[in-house]
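K.L.:
Pasted the sequence and its predicted model underneath.
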Amino acid sequence: MLYKFKSKSTGDLIMLQPNGRRVLDIIGKDTRPGAGDKGIILPEQMPAAIAALEAAVAKEEAEQKAALTQALARMEPAPRFEAISLRQRALPFIEMLRRCERAGHEIVWGV
């Protein structure tokens, strides 16, 4: 399954299900089977969504840095992380949120 995020002020943004679900979980949207198939983010919800995504990105980067530091201190091989970070996956969505907030348009999916 794909998540296709739509808005009047941006082009469509398409994410694979695991990535879209992760982003929606971070911003507090229900992603249970059936419940997360459709949804809307209103302009007034967008600042909180942006803040939540930015905090999740910062947390992931801090955790990765700490894991790398610990491995180096123990003289162990560096840990492997996902090839594509949350920052890379979330940035287009964050930009979409910012543009939609400025324009006053909602973002919808599954409709």
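P.N.:
Arrived safely, thanks for sending.
K.L.:
ok, K6 - contacts?
P.N.:
Under the criterion of C-beta atoms under 8 Å, 6 or more residues apart in numbering, the contact list for K6 reads D12, I107, V108, W109, V111. All C-beta spots, glycine's among them, are computed from the backbone N, C-alpha and C.
K.L.:
Of these - the most surrounded one?
P.N.:
Among the contacts of K6, I107 has the most neighbours (other C-beta atoms under 10 Å), with 25 neighbours.
K.L.:
give me phi/psi at it?
P.N.:
When quoted as degrees, to the nearest 10, the phi and psi of I107 stand at phi -110, psi 130.
K.L.:
partner residues bridging it?
P.N.:
Applying DSSP bridges to I107 yields these beta-bridge partners: I41.
K.L.:
isn't it right up against L97?
P.N.:
Yes - contact criterion C-beta atoms under 8 Å: I107 and L97 qualify, at 7.1 Å.
K.L.:
ok so, going back, so among the contacts of K6, where is pLDDT lowest?
P.N.:
When these are sorted by pLDDT, the bottom entry is V111 at 81.
K.L.:
That concludes my questions; thank you for your assistance.
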